[in-house]
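S.K.: Any chance you could fold what I've pasted below:
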Amino acid sequence: MDKQTIATYFKDLQDSICAGLEEADGEGIFREDPWVRAAGGGGRTRIIEGRHLEKGGVNFSAVFGPMQEKVSSMLEVTPGEFFATGVSIVLHPRNPMAPIIHMNVRYFETQGGAWWFGGGIDLTPHYIVPEEVMGFHQQLKAVCDGFHPDFYPSFSAWADRYFFLPHRNELRGVGGIFFDRLNETTGLDKKTCLDFTLAVGRAFLPLYLPLLHRHKNDPYTREHARWQSLRRGRYAEFNLIWDKGTKFGLETDGRTESILMSLPPTAQWTYDVRPEPGSPEAQTQYWLTHPDSQLQLRGMAPEAAPSVTQD
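M.R.: Modelled structure (predicted):
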């Protein structure tokens, strides 16, 4: 399986997801911003600002060239030529009752012959709905179980460790799956690793569109919108302080506009926010700050996964 074929699969994935999101929004059309990387390769940044999707990005890139020393050091690989391609998505819905979603699927290889796939999907509701959390995880588990019985428990626990704000001691959302360095060391050949990564990517629309359709026209108050803005602030904090992909892109002269498309259109930071006891906001805050309760939402016993700590 050569790198250009993999890049074509990812480009096709971008096309199909954009088409599905435009249809779901009903008004918004993706604006495409093609770009070229001076050292080699380029990509297609696509942004939607629609009726139901207040701001969303679906990016494709395929870049290559000499690896900077700091890149090879960060990745712990031998310096030389590299190739990287992938699709990255973040959607911020207009309605506070609809959740934020993120997905990334990617492939990396080096001149020395090292290669791996990575990626994942995670959900960040402004208001957590238990049955939706369970349904989301059940669908992801079904995708994972189609390839390996250990994928879901391992990748779900990995997502909980990764999408965590240590300075707040809270989860970013309700998790999902996260994986990296997926290669022949897992016992799977390259084609199967690609098939799994594409299966994760193709699960995006079936996972998200029902949630968007369910909530896009829900009535909401000014207080709901305020809470949404505060939760968006937490999302921005994670991406700017802790997200390894954002930091890696900015530290390696990546394309800033494409990297920061993940940030919400608006956000708010109010000092020492304390939700009213018994309110929906307080319940969501409880679930985000009590990892064991998150596992129970997914139908898992607390002892079924490790404690939530940052890798």
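
S.K.: can we go C-alpha only for contacts and neighbour counts from here?
M.R.: Noted.

S.K.: wait, is D122 part of a helix?
M.R.: No: counting by DSSP: H, G, I helix; E, B strand; the rest coil, D122 is not part of a helix but strand.

S.K.: and it, what does it touch?
M.R.: 101-103, 159, 173-178 (CA atoms under 8 Å, 6 or more residues apart in numbering).

S.K.: Let me know the closest of these to W242.
M.R.: A159 (13.3 Å; CA to CA).

S.K.: check which helix or strand covers the closest one.
M.R.: Element membership of A159, judged by DSSP states H and E, is helix 151-162.

S.K.: Show me what counts as buried in that helix.
M.R.: By 16 or more other CA atoms under 10 Å, the buried positions in helix 151-162 come out as 151-152, 155-162.

S.K.: possible to save the contacts of D122 as JSON lines with pLDDT and secondary structure?
M.R.: Formatted as JSON lines, the contacts of D122 follow (pLDDT from 0 to 100; DSSP: H, G, I helix; E, B strand; the rest coil):
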{"residue": "I101", "pLDDT": "98", "secondary structure": "strand"}
{"residue": "H102", "pLDDT": "98", "secondary structure": "strand"}
{"residue": "M103", "pLDDT": "98", "secondary structure": "strand"}
{"residue": "A159", "pLDDT": "97", "secondary structure": "helix"}
{"residue": "G173", "pLDDT": "97", "secondary structure": "coil"}
{"residue": "V174", "pLDDT": "97", "secondary structure": "coil"}
{"residue": "G175", "pLDDT": "96", "secondary structure": "coil"}
{"residue": "G176", "pLDDT": "97", "secondary structure": "strand"}
{"residue": "I177", "pLDDT": "98", "secondary structure": "strand"}
{"residue": "F178", "pLDDT": "97", "secondary structure": "strand"}
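
S.K.: Nearest to A7 among those residues?
M.R.: So of the contacts of D122, ranked by how close each gets to A7 (CA to CA), first place is M103, at 16.7 Å.

S.K.: The closest one - how many residues pack around it?
M.R.: A count of nearby residues for M103, using other CA atoms under 10 Å, gives 21.

S.K.: got it, and E69?
M.R.: 13.

S.K.: residues in contact with it?
M.R.: Neighbours of E69 in contact, by CA under 8 Å, 6+ apart: P79.

S.K.: Remind me what whichever helix or strand comes after the helix holding A159 packs against, helices and strands.
M.R.: Later in the chain than helix 151-162, the nearest helix or strand by DSSP H and E is strand 164-165. Contacts defined by 3 or more CA pairs under 8 Å, 6 or more residues apart in numbering; DSSP states H and E place strand 164-165 against strand 170-171.
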